[in-house]
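Student: Prediction below, plus the sequence it came from.
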Amino acid sequence: MEIFLFQFLNFDIMRQAWPIIFGGAQMTLLLCLAVIPLGLAGGLVVATGSISHSRALRLVTKAYVDFFRAVPPLVLLIVIYSGLPFAGIRMTPFTAVCIAFLLNASSFYGEIFRAGIESVGKGQWEAARSTGLTWVQTYRHVVLPQASRNVLPDLVSNTVEVIKLTSIASVVSFTELLYAADMARSVTYNTSPIVLAAFLYLIVLWPIVRLVSRLEHRLGH
Amino acid sequence: MTGLERFQDAFLKPELIARYWPDILSGIAVTLEIAVAVVITGLALGLALAVIRSYRSRLANAPIIVFVDMFRALPPLVAILIVYFGLPNLGINISGFAVLWLVLSLVLAAFAEEIFWSGIVSVRKGQWEAARSTGLSHWQTMTSVILPQAIRICVPPLTNRTIAVTKNTALGTVIGVGEIMNQGTSAMSLSGNATPLMMAAVAYVVIFVPVVALGSWIERRFAWKRA
């Protein structure tokens, strides 16, 4: 038990590692502030494409969504960060992570928005259009607000997944929370820094996970 | 050299494809092995926990709920690193393969428990009462009346979640499990060429595009039946 506490809950080591880990947490926050809006905006574009009247555009969107939902995000990230330099395209870890997340998250958010848009009754479209609103106005002011509300639990739970996924940025040496914690681990030969990082993830994400469960049960999913 | 030739030279060099094909293939075998093992143990454990939860014993439920919430909130890579680097320090030697299998099984079990549980809860109370009043035990009611109805509702979300967890097998590359990604990146650094990485990426696409397509087909099919 003592060895266990020494290895996993060593408060001395946690205190020493705190400045590095806190810095990592700030970078994770920054990363989330970049990739969540990117993913949501990309998702809206994807969803709009998937309900388009043009058959070609619908097919392209479907191929995009199926492709990027199938490729594991880590694979995508490594291809962008380590593969593209062979084509002369070099970028910082941050840019690589943003591009990988844009491609990955937009396809997941896109599918969620599409489901939401399809859940809005046809009558809403017709009623709005007959009052003289243009297609864009109808879409923006009538359909999207209802659509987003209908799929709110899915949007929140996918956002939790995106936040968790930012941990893979450590693989391309972006100094976010997990990277910082792992650095502290390799210096101290002790697992406590990663346990501390795990606590930070849990403190933020646990309440959201609970909230998602509640939302899902309330809406009778 | 034209641009296209340069591109082919860097990303699709035929002799490198021939040389590293066996490596990628062995990576595919490892990925499939882990994936199958994780799906079996993860779903079984998730179902078992959901059934235990149905007895509504407070003593058993509190730890189950904590376990489920924790593994839903924790990034899998964090859990993988804690187990992989932590256990040897306790004198427990465990291979990267086993760590990946263990952690991903727990993650899948946590999500599966939540899905199975909401399936069980969604079966009308009358079904329970009718079954119990005919003399069936709790266990019999569960296995022959409730679960057959509940599992049908669970299939679409379970499929999606199972696919998502299976894709996480790529995380094994971080702890040196010889799956597809690991084979691809080590061959890339050996050969100084992106061809093996492209082969690894293509392998993932070939494996997972049909799986994802199957997943959305199942989702649509079951959704239609329910309506």
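Tutor: Nice, thanks for sending it over. Note that this is a predicted model, so its numbers are computed, not measured.

Student: Could you use CA atoms for every contact and neighbour count after this?
Tutor: Noted.

Student: Mind pulling the model confidence for residue B:158?
Tutor: At residue B:158, the model reports a pLDDT of 92.

Student: Now name the helix or strand holding it.
Tutor: Per DSSP states H and E, residue B:158 falls inside helix B:147-167.

Student: Is stretch A:192-207 in proximity to chain B?
Tutor: Yes: against chain B, stretch A:192-207 shows contacts by Cα under 8 Å from any Cα of the partner chain at A:194-195, A:197-198, A:201-202, A:205-206.

Student: Output that stretch as PDB, nothing but the C-alphas.
Tutor: Taking Å, rounded to 0.1, in the frame of the first residue of the first chain, the C-alpha atoms of stretch A:192-207 are listed here in PDB:
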ATOM      1  CA  SER A 192       2.000  10.800  -9.600                       C
ATOM      2  CA  PRO A 193       2.300  13.700 -12.100                       C
ATOM      3  CA  ILE A 194       0.100  11.800 -14.600                       C
ATOM      4  CA  VAL A 195      -2.300  10.900 -11.800                       C
ATOM      5  CA  LEU A 196      -2.500  14.700 -11.000                       C
ATOM      6  CA  ALA A 197      -3.200  15.400 -14.700                       C
ATOM      7  CA  ALA A 198      -5.900  12.700 -14.600                       C
ATOM      8  CA  PHE A 199      -7.500  14.500 -11.600                       C
ATOM      9  CA  LEU A 200      -7.500  17.800 -13.500                       C
ATOM     10  CA  TYR A 201      -9.300  16.100 -16.500                       C
ATOM     11  CA  LEU A 202     -11.800  14.500 -14.100                       C
ATOM     12  CA  ILE A 203     -12.500  17.700 -12.200                       C
ATOM     13  CA  VAL A 204     -13.500  19.400 -15.400                       C
ATOM     14  CA  LEU A 205     -15.100  16.600 -17.300                       C
ATOM     15  CA  TRP A 206     -16.900  14.600 -14.600                       C
ATOM     16  CA  PRO A 207     -19.600  17.200 -14.000                       C
END
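
Student: Kindly report the residues of chain A close to chain B.
Tutor: With the criterion set to Cα under 8 Å from any Cα, chain A comes near chain B through A:3-4, A:7-8, A:66-67, A:69-72, A:74-76, A:79, A:83, A:86-87, A:160, A:164-165, A:167-168, A:171, A:178, A:190-191, A:194-195, A:197-198, A:201-202, A:205-206, A:209-210, A:217.

Student: Can you tell me which of the residues you listed end up in helices?
Tutor: Of the residues of chain A next to chain B, the ones assigned to helices by DSSP state H are A:3-4, A:7-8, A:66-67, A:69-70, A:74-76, A:160, A:164-165, A:178, A:194-195, A:197-198, A:201-202, A:205-206, A:209-210, A:217.

Student: who's in contact with residue A:52?
Tutor: Taking Cα atoms under 8 Å, 6 or more residues apart in numbering or on different chains as the contact definition, residue A:52 lies against residue A:58.

Student: Give me the phi and psi for it.
Tutor: Main-chain dihedrals, residue A:52, degrees, to the nearest 10: phi -60, psi 160.

Student: what does residue A:10 give?
Tutor: phi -90, psi 100.

Student: Surely it is in contact with residue A:195?
Tutor: No: using Cα atoms under 8 Å, residue A:10 is not in contact with residue A:195; the gap is 9.5 Å.

Student: tell me which strands and helices the strand or helix carrying residue B:216 is in contact with?
Tutor: When elements are assigned from DSSP H and E, residue B:216 belongs to helix B:195-226. Judged by 3 or more Cα pairs under 8 Å, 6 or more residues apart in numbering or on different chains; DSSP states H and E, helix B:195-226 is in contact with helix A:55-70, helix B:3-11, helix B:14-54, helix B:147-167, helix B:180-191.

Student: Go through those and pick out the most buried.
Tutor: helix B:180-191 (a mean of 22; mean count of other Cα atoms under 10 Å in any protein chain shown).

Student: Show me what the mean pLDDT comes to for that one.
Tutor: Per-residue scores along helix B:180-191 average to 93.

Student: Please see if it touches chain A.
Tutor: Yes: between helix B:180-191 and chain A, judged by Cα under 8 Å from any Cα, the touching residues are residue B:181.

Student: Residues contacting stretch A:140-160, please?
Tutor: When contacts are defined by Cα under 8 Å, 6+ apart, stretch A:140-160 is touched by residues A:36, A:108-109, A:112-113, A:115-120, A:124-125, A:128, A:205, A:208-209, A:212, A:215-216, B:73.

Student: backbone phi and psi for residue B:176, please?
Tutor: When quoted as degrees, to the nearest 10, the phi and psi of residue B:176 stand at phi 80, psi 20.

Student: Please tell me how far it sits from residue B:109.
Tutor: Going from residue B:176 to residue B:109 by Cα to Cα, to the nearest Å gives 24 Å.

Student: When the two are compared, which one has more neighbours?
Tutor: Per other Cα atoms under 10 Å in any protein chain shown, whichever of residue B:176 and residue B:109 has more neighbours is residue B:109, with 30 against 14.

Student: What count of nearby residues applies to the nearest residue to residue B:75 once chain neighbours are set aside?
Tutor: In space, residue B:75 comes closest to residue A:164 once its chain neighbours are excluded; the distance is 4.6 Å by Cα to Cα, 6 or more residues apart in numbering or on different chains. For residue A:164, the number of neighbouring residues by other Cα under 10 Å comes to 21.
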